[in-house]
Each structure stands twice: as structure tokens, then as C-alpha cells.
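Asker: got a sequence here, can you build the structure:
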Amino acid sequence: MTSLPTSNTAPFFGWYVVAATFVLAIFGWGVGFYGPPIYLQMVVQRTGWSVALVSTAVTLHFLIGAAVVANLPRLYRFTGVPVLTVTGAVLLALGVVGWSVADQPWHLFAAALLSGTGWVAMGAAAVNAIIAPWFVRSRPAALSMAYNGASVGGIIFSPLWVMLIASSGFAQAAIIVGISMVTVVAALSILAFSKSPDVLGQSPDGAQSDQVVPRTAPSLATPVPGGSLWRDRRFITLAAGMAAGLFAQIGLLAHLFSIMVPVFGSQAAGLLMGGATVSAIVGRTGIGWLMPPSADRRLIASASYGVQIIGSLMFLVTGGDNAAAMVVGVLLFGLGIGNATSLPPLIAQVEFDKADVFRVVPLIVALSQATYALAPALFGIARTVSDLAVFTLAAAIQFLAVIAFLCGRHK
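Answerer: Numbers count the residues shown, from 1 in each chain. Purely as a prediction, here's the structure:
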């Protein structure tokens, strides 16, 4: 009797999942994260509503997303990854169309509920959940590649939204993007996200069946009982570090462009913001591929924020009027942008039991999102004092993030 070829002869499917997740992240961040600031401007122009009113809808978009992402593990168990991912894309598409046609404030808030609910199924916690079953040893590299889709989403969709809205109108642009997104995500879900290592008979990292895939770093982690997680020093400091770091980043980035325009002009300031995004890709990819398996990931996260703090201080030292120093400051700050999202899940990987990781990552992402939803407003208040106060606040909050990461290190 002739035996069938073993699955070990087939190419490792995990890297195809990484590529698919990269594309998913492009749409998730391009439509659900980088899109709302553009939607805000378009809604204000079309309706004449106050910026404060529409900004509240943007805040709701991120806050409802935080509530949903905290429950992602439960939703995945109930529906499965492919169904939930497609559902998220459909809700996000409907929500954006709702933003484009709202003619009453309550229409706008209903649209924000849909878009905020949908995009988290294509966001940071979702990317980690999709990648995690396929990689253990190579998870830093795999996650860095997948999360780079978030940065590429900003590069592609920020100008794409403007171009489509200018040529077709907001409603038509929302329909075009929505249909394209749902079609692509449905195809990815069928071709990639419906597969698992068990289904294909493969092992994490593509190891042969007789090979043992080691953890990426020595760990004595034991399962944490449900309620005890909120009293666990590792969890509290990891959540606080991620939330503080992203709060500082989102708050600063929300105002950075307008701060740079008086010095560089609109076009050059836009290019420099693009340079920050490229720096984010470089920083995330470098750490993902070069970080030693036994490295202390909390120290690496602290160093990444340290580089960003230096970038903020470059503005303060020069008084914000030295163009060369500002360019260096923006690029240094950019180097850590991606790591703020990708490093906390990698820290959770080595500090918590495998089963707990699938609870910890959605929770820290949810807490971070609920926190950074308020960041633009607080940084706006700081800006009423002076533009330099924005950089002082960013550096101070990131210093708190460093303290949180260091306090959570193993004694």
C-alpha cells in the first residue's frame, strides 16, 4: 500500500499566514485607525457640525473598540477566526459608509459604534491571535512583518482617502473602499485564516514532527487564575507600560504635523510624517529579526521608548525652531512607533503561560485603546500652553512607561 506524502514535505504555511495578516493589517489600520481623523474633517465640512461633536464620535469609535477587543478570545471561541474577521470587515465597512452619509448626530454615533466594533477584529490583538498558533521561536520576526502592515496602511490609505473623496465624494469613496476591503478579507479568511497547524499537520515554526520547538526564552510561568490576573505584577506593569507608551505616541502624533507646518510648510511636513512611518517599519523589523531569543524584552521595550524620549527632547533643546534637529527628532521618535504595538505581546509570550497569553494580549490592547482615545484631547490642552509643552508631556509619559516596564521585570 502506497502511503500519502506527509505534511512535512509541504512548505510551511505559517509564512503565508503572515503575508495574509500583513494585508489584513493594511486594511484594519488604514480604514479603522488612520481613517477617523479624515472622516472627522469630511463630516465637519459636509454638515457644519462642531469639531467637538464629531471628535466625540471618534473617541466613541476607539472606546467601543476597546470594549470589544477585551472580549476577542470569547468571540473567537464562539465564531472562529475566519467568521469573526469577515464580520469585523463588514461592520467596519458599514460604519464608514454611515460616517459618510450621517445627517443627524445620532446617525454619526451609530456609525461610530459599527466602525469601532469592526476594526478591532483586524487590529493589534487580532493580528497576534492569528499569528500565535503558527510561531513560537520565530514569533518576533513573524509579528514584526505582520504588524508592518499597520504602517503600510497609513502610508497607503491616508493619501488614498483624500484622493478618492476628492474625485468621487465621501460616500462613494466609503463604498469603494468598503466593498474592496470585505472582498479581500473574505478571500484571506478562506485561503489562510481558516487553516491551522493542526489541520495541516504542521508544527509551529515549521519544525519536523520529531523536533521540539523551544520557548523563545526560559520561563517558569504557571497559569494565572481568572481574577488573579488583575493583581499580577507582570500584567499590571505590562498593561500600564503599553497604555502609557501608546498614549504618548497617539497624543504627540495627533499634533505633530500642525506643529511642523510653520517650520517646513505643509508638503515637507507631510513628507516628514511619512519618514516617521518608514522609521517605524525599520525599528519594528530590526527588533523583530535581530532580537536574541534570550533577550530581556522589557529592557528592549524600555530602550525603544528611551530613543523616542531623546527624539522628543531634540525639540525641547532647540526650542522647536531648528529644522535639522526637528528632522532628527521625528526620525528618532518614529523608530519606536511600531515597537509600542509589537513588543508587549512578545513580552506576554515569555512571561505568561500559553493559555494566559490569549487573555493577556487582548486585555492590554483594550486598556491601551481605551486610554489613548483620550490622548489627543489632553495633548491639545497642553498645546494651549505652548507647542513645546506637547513634547515635554510626551517625554514625561514615556518615562512613566519605561518605569512600568522595568518594575515588572523578574526579581
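Asker: quick check: closest non-adjacent residue to Gln172.
Answerer: Using C-beta to C-beta, 6 or more residues apart in numbering and skipping residues adjacent in sequence, the residue nearest Gln172 is Leu164, 7.6 Å away. (Each C-beta comes from the backbone N, C-alpha and C, glycine too.)
Asker: so who does the residue nearest to the spatial centre of the chain touch?
Answerer: Of all residues in the chain, the one closest to the mean position by C-alpha atoms, centre = their mean is Ala124, 4.5 Å from it. Ala124 makes contacts with Tyr147, Ala150, Thr341, Pro345, Val365, as judged by C-beta atoms under 8 Å, 6 or more residues apart in numbering.
Asker: any weak-confidence spans in this structure?
Answerer: Scanning the chain with the threshold set as pLDDT under 70 gives 1-9, 208-227, 320, 411.
Asker: could you chop it up by domain?
Answerer: 13-206, 227-407 (automatic domain parsing).
Asker: for the first one, measure first residue to last.
Answerer: Same thing as domain 13-206. Terminal residues of domain 13-206 lie 8 Å apart, using C-alpha to C-alpha, to the nearest Å.
Asker: just how off-centre is the helix or strand hosting Leu246 within its chain?
Answerer: With elements taken from DSSP states H and E, the one containing Leu246 is helix 233-264. Relative to the mean C-alpha coordinate of its chain, helix 233-264 is positioned 12 Å out (C-alpha atoms, centre = their mean, to the nearest Å).
Asker: kindly report the same for stretch 297-311.
Answerer: Remark: stretch 297-311 is offset 18 Å from the chain centroid, using C-alpha atoms, centre = their mean.
Asker: strands of the stretch 1-150 of the chain, start to end?
Answerer: For the stretch 1-150 of the chain, strands defined by DSSP state E, counting those that start in this stretch do not occur.
Asker: for Arg74, see how far away Met42 is.
Answerer: Separation of Met42 from Arg74 (C-beta to C-beta, to the nearest Å): 35 Å.
Asker: which one's more surrounded, the two?
Answerer: A direct count of neighbours by other C-beta atoms under 10 Å for Met42 and Arg74 places Met42 higher, at 21 against 11.
Asker: for the residue lying closest to that one once chain neighbours are set aside, list the residues it contacts.
Answerer: Of all residues not flanking Met42 in the chain, Phe170 sits nearest, at 4.8 Å (C-beta to C-beta, 6+ apart). Shown in contact with Phe170 (C-beta under 8 Å, 6+ apart): Met42, Arg46, Trp99, Ser100.
Asker: equivalent analysis for Lys195, please.
Answerer: Counted by C-beta under 8 Å, 6+ apart, Lys195 has contacts Phe13, Val17.
Asker: separation between it and Trp119?
Answerer: Counting by C-beta to C-beta, the separation of Lys195 from Trp119 is 24 Å.
Asker: now swap in Val18 and tell me
Answerer: Val18 is 20 Å from Trp119, by C-beta to C-beta.
Asker: settle it for me: which of those two has more neighbours?
Answerer: The residue with more neighbours, out of Val18 and Trp119, is Trp119; 31 against 23, by other C-beta under 10 Å.
Asker: go ahead and confirm the more buried one touches Thr87.
Answerer: No: applying C-beta atoms under 8 Å, one finds Trp119 not in contact with Thr87, separated by 11.8 Å.
Asker: report the two of the contacts of Phe170 separated the most.
Answerer: Arg46 and Trp99 (10.0 Å; C-beta to C-beta).
Asker: which one of those two is surrounded by more residues?
Answerer: Trp99 (27 against 15).
Asker: quick one: the more buried one and Ile38 touch, right?
Answerer: No: assessed by C-beta under 8 Å, Trp99 is found out of contact with Ile38, at 9.7 Å.
Asker: ok, Ala301 - contacts?
Answerer: Gly241, Gly245, Asn339, Leu343, Pro344, Ile347, Phe405.
Asker: out of those residues, who's nearest Val69?
Answerer: Pro344 (13.4 Å).
Asker: quick one: secondary structure of the closest one?
Answerer: helix (DSSP: H, G, I helix; E, B strand; the rest coil).
Asker: quick check, it in contact with Gly241.
Answerer: Yes: under the criterion of C-beta under 8 Å, Pro344 makes contact with Gly241 at 7.2 Å.
Asker: buried sites along stretch 285-302?
Answerer: Thr285, Ile287, Gly288, Met291, Ala295, Arg297, Arg298, Ile300, Ala301, Ser302 (16 or more other C-beta atoms under 10 Å).
Asker: filter the residues you listed down to just the ones in strands.
Answerer: Within those, no residue falls in strands by DSSP state E.
Asker: could you dump those residues to CSV with distance to Leu316?
Answerer: Formatted as CSV, those follow (distance: C-beta to C-beta, whole Å):
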residue, distance to Leu316
Thr285, 29
Ile287, 26
Gly288, 30
Met291, 30
Ala295, 31
Arg297, 29
Arg298, 27
Ile300, 25
Ala301, 23
Ser302, 21
